[in-house]
Every structure is written in C-alpha cells, then in structure tokens.
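Novice: below are the sequence and a predicted model for it; my questions follow.
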Amino acid sequence: MSSPAITPVLVRLKLSLLRNGLRQSGGRRAAYVASSVAVLLFAALQLAGLVALRGLDHAEAPVVLLVAVLGLGWAVMPLFFPGGDETLDPTRLAMLPLRPRPLARALLAASLVGVGPLFTLCLLVGSVIAVAHGGAAIAVGVLAVPSALLVCVALARAVAAANVRLLTSRRGRDLAVLSGLLVAVGTQLVGFGAQRLGSSGLEQLDPAADVLRWFPPASAVGAVHAAGEGAYGAAVAQLLLTAAAASGLPALWARSLTRLMTAPDGSTLRPPGAAVRGRASAGLARLLPPGRTGTTVERSLRYVWRDPRTRAAWATALAIGLIVPVFNAWQGTGSVYFACFAAGMLGIQMYNQFGQDTSAFWMVAMTISSARDAHVELRARALALLLVTLPHATLVAVLTAAVLDDWPRLPEVLGLSFALLGAMLATGAWTSACFPYSIPQEGYKNVAPGQTGLAWISVLGGMVAAAVLCAPVVALAVWLNADADGDGLRWLLLPVGALYGAALTLLGLRLAAPRTARRLPEILTAVSKG
C-alpha cells in the first residue's frame, strides 16, 4: 500500500471508531455530545478571553504560559488517559505490511481529527490574536498556529509510542487512576495562583514567560510577539525552534515506531539469573495486635499501598487535606479552623469500606458468624484509618497554626478535628453496612452502573449526619469564643473533642456491627457488581 493511500484510510478509521463508539449506547452518545459541547463552549470562552487581552500591558506573559501548559498537557495526556484514543497504540497495526514513516504520517493526520485538536486550535488562534500587532506579526502567526498544533499532536504521539508497553500494562492503569490526584492538586494550585495573580498583576509572570518563550510550542507565540515588537531576529529564531520541533518530533516518533514494530515484548519475562524477590519483612506489622484485629489492619493498609483506586483516593485526600488549609493560611485568606478539612477528607475513606474488597468480600464474609465478628472487623478497619488520619490531621493543624501564628487556637482546632473524625468513622461504619456499592477495577468510573444513587446517599448522607453529630462540640466552641471569659477555657476543647469523637466511634461501630452481620449476602451482591 502506497503512502498516499494510507492517510485517508486511517482518517476514515478514526471517524469509524468515533461513530461506532457512539452507537454502543444512548448514554455514551449523550455523554460524548454533552462533553463535546462543554469543551467547545469552554474553548469559545477561552478564545474570547484571549482576544480581550489584546492591547493590555504584559499580555504576552499569560499567553506564553498558557501555550506552554497546553503543550505539557498534550505530552502527559497519553500517560494518564491511554484509553482516550484507540489509535494511540500502533501495535494493533503491527501485523500489517506498513512502513513506519508512512504510518507515522497517516496516524499524525488521523490524530488531528477530534475535539481535542479543535480545542487546541481555538486556543492557539486566540493566543496569536492576543499578541499579534502589525503585518509582520500576523504573517508569522499564520505559520505559528499550524506549527504549534503539529508540535502538540506529535508530542502526544511520540510520548505514547515511547511508553506504549507501560500504558497497556497494570502499571499504566495504575498511573491512569492516579491522574485524579494530579487533577485535584493541579486545580488547587491553579486556583491559588489565580488569586495571587489577581492581587499582584500580570507582570509577575514575566520571568517565567521569558524562559518558556524559547521552548516549543510556546516559542511559536513568542515569535509572533517578537515580530510585533520589531525583534525580527528573535522572531525568526523562535519560529525556527518551533519548526525544528514540528519536524523532529515526527522523526523521533517514526524511530520509536520502527523499534516498537520490530522488537519483541519482553516486559513480562524475567531476565535469566534474576532472583525471585521474597516476601518483604513484616516490619511495623509486628507491632499490630494479634488475632483478627491485627490481620485486618494489615490487610487494610496493604489495600492503601497496593490497590490503585484505594491508593489514589488516599493520596488525593492526604494532598488536598494539606494543601487547602496550609495554602490558604500562607496567602493570608484562611483560618486555623480550615485544618478540620484534613480530618474531613480522610474521614470520607471510612465510607463504603467493603466496596474496595469487590467480589473478594466473600472471604471476609465467611469469617463473620456473629455481631461480635462484624464488630471486630469494623473496629480494625477504623483503626487502620486512624493510624494515618490522626498524625496527618495533627500535622495539618500544627502547620496551619504555625503559618498563621495562631497557637492559642491549636487545642481548639485539634478537638474539633478529632470530634469530626470520630463522627465520620461512626457514620462511615453505618453507611458501609447499609449502602454498600461496587468500585469497578477497570475504566475510570468510581461507581458501578446503577449504583450512583447508593454512592450519593452513602457519602453525602453520612457527611450531613457527621456534621449534625458534631454540633455539640461546635456549639461549645462558639460559646467559648463568644464569651469574654472563655479564652482561658478553650484548651478544654481538645480533651472534650477527643473523648466525644472516641465515644461516637465506639457507638457507631457497636450499632453497625449487628446490621453488617445480618446483611452479608446483600453486601456481597452490592460490592460484586463491578
């Protein structure tokens, strides 16, 4: 098959993949249409915002940073969403008599089909409009837009081809699940950066923009701005950098394709002479209590370390629970009471305790023959959570108080955090028994189809109930702060909150245990649907 014939075939194949995917179900079709409309609307708003920057002082700095972040997004997108584009895995075409370079050109053309490239094109056009002043800048912009778009798409292809073995393995799926952590943390950092930028002005971005304007694809926008300023030498240099990247990345990609199509896959083979790694030392597990409690605590902690979805949920809770209060305090817009957010984020992990077991819950169910067995199981799972949550909540409270230099309120905040944590452990044990749901091990959904309502009831209902249960401690804190003579008694909130939280936890576990023992078949059925 000649080179000119490959490109239209793969473009039609890409369109067929999109069309056939939409035919699978009405829900998937509605989701695709809704997401596409949302993305295009966001692109239109971004385009309007970039056009509005035209003429402002230092407008080129945020534009250059935006295009740099856009290129970074294209580079990491295949790592975290390997299933987003079926054509990212060229090994599916390995048995066909296709040469790597024509195949690379055809796949590159096919990759320009979709909502993502259209979104990127809108942002690049808006960026050029924001910084183009004069005929020379417009002429450079005509060359810069397609060059930058080609750099973005080729960068995604090169990264995907270099890591396709990883992306199709279990480690790749684990990496995709952890994308939620990066999205959550990145959203927080972008929000804090926007607040700081709004108070200090666009000139704060100039140092970073001066560096990034020499790296593709941001160099394309830098060339347009330089041409508008009359710096034609810098404009030519930056445009040549973009052109070099636009031609070099496809060549690098073609070389990766050659190696990928011809080299055997030895990723699952153990090298000769390699020793089989034995079981790791028990370590701190030896400090756990004997019997069912210690075994269950160790199993729960191993879930956190080994299970991709559980690990991602815990990592996200730990990171966001630390970032929100400490960063707000650092910016001077927070309060020491924000430290309670850490306890709330980790307390959510108590909800749906049996969902992480999936169908393997039958082994746990076989060991529960009475309410006492169920109580020991729930108590051990709560203890595993406390081993991480108590130090983390204490650390966040201390850091927040240190940043704000508000040490007198530290005991009060710790008492409120411990009370909130105890309430969430109690309600989490109850909702785990009453509203269990399955967590799919494949794909990117956190709830099995048909169980979304159960998930909302479990999490939101439990959180509301926990807030109500914490009302006495909150009322005591309000009363002590409102009373002029209560400043010297606020330290009492630490022991009161800790004891109240412990009492709520014990009561919640005691009430949830009989219901768990009675509903073992229903729980197993619910958590096995994923």
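Specialist: Looks like it came in fine.

Novice: what's the closest non-adjacent residue to V398?
Specialist: L410 (6.8 Å; C-beta to C-beta, 6 or more residues apart in numbering). Glycine gets a C-beta too; all of them are placed from N, C-alpha and C.

Novice: sorry, wrong one. I was asking about L252.
Specialist: Nearest one to L252, counting by C-beta to C-beta, 6+ apart, is A158 at 5.3 Å.

Novice: domains for this structure, by residue range?
Specialist: 3-262, 287-527 (automatic domain parsing).

Novice: what would those look like in TSV with mean pLDDT and mean neighbour count?
Specialist: What follows is these, written out as TSV (pLDDT from 0 to 100; neighbours: other C-beta atoms under 10 Å):
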stretch	mean pLDDT	mean neighbour count
domain 3-262	78	18
domain 287-527	86	19
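
Novice: re the thing from before, give me the next element, helix or strand, following whichever strand or helix holds the residue nearest to V398.
Specialist: Taking DSSP states H and E as the definition, one finds L410 inside helix 410-434. Toward the C-terminus, helix 410-434 is succeeded by helix 452-456 as the next helix or strand (DSSP H and E).

Novice: got a list of contacts for that following helix?
Specialist: Residues outside helix 452-456 that contact it (C-beta atoms under 8 Å, 6 or more residues apart in numbering) are 352, 435-437, 446-447, 526.

Novice: any idea how far the nearest residue to A384 once chain neighbours are set aside is from W214?
Specialist: Nearest non-adjacent residue to A384, counting by C-beta to C-beta, 6+ apart: S300, 3.7 Å away. Separation of S300 from W214 (C-beta to C-beta, to the nearest Å): 50 Å.

Novice: V11 too?
Specialist: Taken as C-beta to C-beta, the span from V11 to W214 is 34 Å.

Novice: and for V63?
Specialist: 15 Å.

Novice: with S417 instead?
Specialist: 47 Å.

Novice: try L425
Specialist: 53 Å.

Novice: hmm, back to that, so who does the residue nearest to V398 touch?
Specialist: 336, 397-398, 401.

Novice: for those residues, work out which two are farthest apart.
Specialist: Spanning the widest gap among these are V336 and V398, at 10.2 Å by C-beta to C-beta.

Novice: secondary structure class for H58?
Specialist: coil (DSSP: H, G, I helix; E, B strand; the rest coil).

Novice: so it makes contact with L205?
Specialist: Yes. Using C-beta atoms under 8 Å, H58 makes contact with L205 at a distance of 7.1 Å.

Novice: so where does T7 fall, helix or strand?
Specialist: With DSSP H and E as the criterion, T7 is inside helix 3-22.

Novice: run the chain-centre distance for that helix.
Specialist: Chain-centre distance of helix 3-22: 31 Å, with C-alpha atoms, centre = their mean, to the nearest Å.

Novice: and the residue nearest to A384, how far is that from Q349?
Specialist: 10 Å.

Novice: now for those two: what residues contact both?
Specialist: Joint contacts of S300 and Q349 (C-beta under 8 Å, 6+ apart) are L385.

Novice: ok, for F119, nearest residue in space, not its chain neighbours?
Specialist: That would be A43: by C-beta to C-beta, 6+ apart, it lies 4.6 Å from F119.

Novice: is it true that the one you found touches P117?
Specialist: No. If you go by C-beta under 8 Å, A43 and P117 don't touch, sitting 11.0 Å apart.

Novice: which residue sits closest to I457, ignoring its sequence neighbours?
Specialist: F435 (5.2 Å).

Novice: show me what contacts the one you found?
Specialist: Contacts of F435 (C-beta under 8 Å, 6+ apart): 352, 454-455, 457-458, 461.

Novice: returning to what we had before: tell me which element the residue nearest to L252 falls in.
Specialist: helix 135-162.

Novice: so which elements touch that helix?
Specialist: helix 60-80, helix 100-111, helix 115-131, helix 218-229, helix 232-262 (3 or more C-beta pairs under 8 Å, 6 or more residues apart in numbering; DSSP states H and E).

Novice: need the contact list for G248.
Specialist: Contacts of G248 (C-beta under 8 Å, 6+ apart): none.

Novice: what's the spacing between it and P289?
Specialist: 60 Å.

Novice: check A245 too.
Specialist: From A245 to P289 the distance is 59 Å (C-beta to C-beta).

Novice: swap in G49?
Specialist: On the measure of C-beta to C-beta, G49 and P289 end up 58 Å apart.

Novice: element containing the closest residue to R292 other than its chain neighbours, please.
Specialist: Using C-beta to C-beta, 6+ apart and skipping residues adjacent in sequence, the residue nearest R292 is V376, 5.1 Å away. Per DSSP H and E: V376 is located in helix 371-404.

Novice: quick one: that helix to helix 410-434, angle?
Specialist: If you take axes from the mean of the first three to the mean of the last three C-alpha atoms, to 10 degrees, helix 371-404 sits at 150 degrees to helix 410-434.

Novice: next one: the helix or strand hosting C340 to chain centre, how far?
Specialist: Applying DSSP H and E as the criterion places C340 in helix 340-347. Counting by C-alpha atoms, centre = their mean, helix 340-347 is centred 18 Å from the centre of its parent chain.

Novice: stretch 468-488 too?
Specialist: Worked out by C-alpha atoms, centre = their mean, stretch 468-488 lies 37 Å from the chain centre.

Novice: would you mind measuring from V326 to T400?
Specialist: 6 Å.

Novice: for the nearest residue to A243 once chain neighbours are set aside, list the residues it contacts.
Specialist: Spatially, and ignoring its direct neighbours in sequence, A243 is nearest to S147 (5.9 Å; C-beta to C-beta, 6+ apart). Going by C-beta under 8 Å, 6+ apart, S147 touches 217, 220, 239, 242-243, 246.

Novice: among these, which one lies nearest to G294?
Specialist: When the contacts of S147 are compared against G294 (criterion: C-beta to C-beta), the nearest one is P217, at 54.4 Å.

Novice: how close does A343 get to L118?
Specialist: Distance from A343 to L118, by C-beta to C-beta: 43 Å.

Novice: would you mind confirming that L504 makes contact with A426?
Specialist: Yes. At 4.5 Å, L504 and A426 qualify as touching, with contact defined as C-beta under 8 Å.

Novice: hey, what's in contact with both of these two?
Specialist: Shared contacts of L504 and A426, defined by C-beta under 8 Å, 6+ apart, comprise L469.
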